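1. Fold the following.
(one chain, ligands or ions: 2)
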Amino acid sequence: MQPFVIAIAGPSGSGKSLFAETLCEEVRRDAPQLGVVLIKEDAYYRDQGQIPFEDREKVNYDHPDAIEQDLLARHLRELSAGNAVESPLYDYTIHSRQSETVRIEPAAVIIVEGILLLTDAALREAFDIKFYMDTPLDICLLRRMARDLKERGRSLDSVTTQYQETVRPMYHEFIRPSVRHADMVITRGGRNRVALDVVRNMLLSVSNDEAKA
Ligand SMILES: Nc1ncnc2c1ncn2[C@@H]1O[C@H](COP(=O)(O)OP(=O)(O)O)[C@@H](O)[C@H]1O
Ligand SMILES: Nc1ccn([C@@H]2O[C@H](COP(=O)(O)O)[C@@H](O)[C@H]2O)c(=O)n1
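-> Numbers count the residues shown, from 1 in each chain. Ligands and ions are numbered 1, 2, ... in the order given. Sure, this is the predicted structure:
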């Protein structure tokens, strides 16, 4: 059975992870027999184990070159062909990959979330449906700030500098323009109950149809 692959793109702090994780949990709850996997584009940030830490801090993590998009596209093709993949694990506190990988088995539903998913043509090909989270940028910044201080080992100063030097400019150059590739736009962030219900029901019905076919 061909998996149904969905992309959830949009700016940092827009609620992609929260939306994708909630969706995953709810589909598993409502259809325990259905395989669902969640893949984060962030896991595909390039390995920088060979680069000194102070240089890693200067990298532009909001430019498409920072991510191994070709590896992510290859992994999605492999999963669609029914093969398991070894996906990287990423550690934001050291700006690099961990030495371990995680095995991802093929599944009926594959949910992928990340800021730059819609910027790459080969990657776009891998998706059956593409969503863009359109959360106001000031809200994204506030949420990113709180999350990065709490969960990603950052200081107020580093979040502010990074935001002005790369996050905001790359949003305008790459992320915002990629909205034109989205099939649907989701407003109001990761807790948009109506959007969660619509996407969940779509995934359940697509999977039911596939199972009957
Ligand atoms: N609608 C919302 N209301 C309140 N907090 C939210 C909402 N959406 C997301 N958040 C919080 O904002 C932070 C950033 O959200 P996250 O899902 O990590 O964004 P992204 O994956 O797009 O960077 C997280 O701490 C998350 O729990
Ligand atoms: N070493 C890194 C890698 C990435 N980032 C930032 O993460 C953002 C994307 O992740 P979200 O969950 O916020 O969508 C992106 O904007 C990068 O700036 C980082 O700070 N350090």
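2. Number of residues surrounding Ala121?
-> 10 (other C-beta atoms under 10 Å). Backbone N, C-alpha and C define where each C-beta goes, glycine included.
3. Any chance of the backbone angles for it?
-> phi -60, psi -40 (degrees, to the nearest 10).
4. where exactly do the helices run in the protein?
-> 16-30, 53-56, 69-80, 121-125, 137-151, 156-162, 168-170, 193-212 (DSSP state H).
5. Make CSV from those helices and add mean pLDDT to it.
-> Listed next are the helices of the chain as CSV, based on pLDDT from 0 to 100:
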stretch, mean pLDDT
helix 16-30, 97
helix 53-56, 94
helix 69-80, 97
helix 121-125, 96
helix 137-151, 97
helix 156-162, 96
helix 168-170, 98
helix 193-212, 85
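6. any idea of the mean pLDDT in the biggest strand by length in the chain?
-> What stands out as the longest strand in the chain, according to DSSP state E, is strand 96-104. Mean per-residue pLDDT for strand 96-104: 96.
7. Contacts only, for the residue positioned nearest the centre of the chain.
-> Centroid-nearest residue in the chain: Glu113, 2.0 Å away (criterion: C-alpha atoms, centre = their mean). Counting by C-beta atoms under 8 Å, 6 or more residues apart in numbering, Glu113 touches 7-9, 16-17, 19-20, 38-41.
8. What subset of those is buried?
-> 7-9, 16-17, 19-20, 38-41 (16 or more other C-beta atoms under 10 Å).
9. Now do Phe53 against Pro64, distance only.
-> With distances taken as C-beta to C-beta, to the nearest Å, Phe53 is found 23 Å from Pro64.
10. neighbour-wise, which of these two wins?
-> With neighbours defined as other C-beta under 10 Å, Phe53 and Pro64 compare such that Pro64 has more, 17 against 10.
11. Was I right to think the more buried one contacts Phe174?
-> Yes - contact criterion C-beta atoms under 8 Å: Pro64 and Phe174 qualify, at 6.3 Å.
12. tell me, what's touching the two both at once?
-> 116, 119.
13. Kindly reformat the helices of the chain as JSON lines containing distance to Val185.
-> Formatted as JSON lines, the helices of the chain follow (distance: least, C-beta to C-beta, whole Å):
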{"stretch": "helix 16-30", "distance to Val185": "13"}
{"stretch": "helix 53-56", "distance to Val185": "34"}
{"stretch": "helix 69-80", "distance to Val185": "22"}
{"stretch": "helix 121-125", "distance to Val185": "16"}
{"stretch": "helix 137-151", "distance to Val185": "15"}
{"stretch": "helix 156-162", "distance to Val185": "26"}
{"stretch": "helix 168-170", "distance to Val185": "20"}
{"stretch": "helix 193-212", "distance to Val185": "10"}
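14. Near ligand 2, which residues of this structure are found?
-> Counting by C-beta under 6 Å from any ligand atom, the positions of the chain adjacent to ligand 2 are 12-13, 16-17, 42, 45, 61-62, 92, 95, 115, 144, 167.
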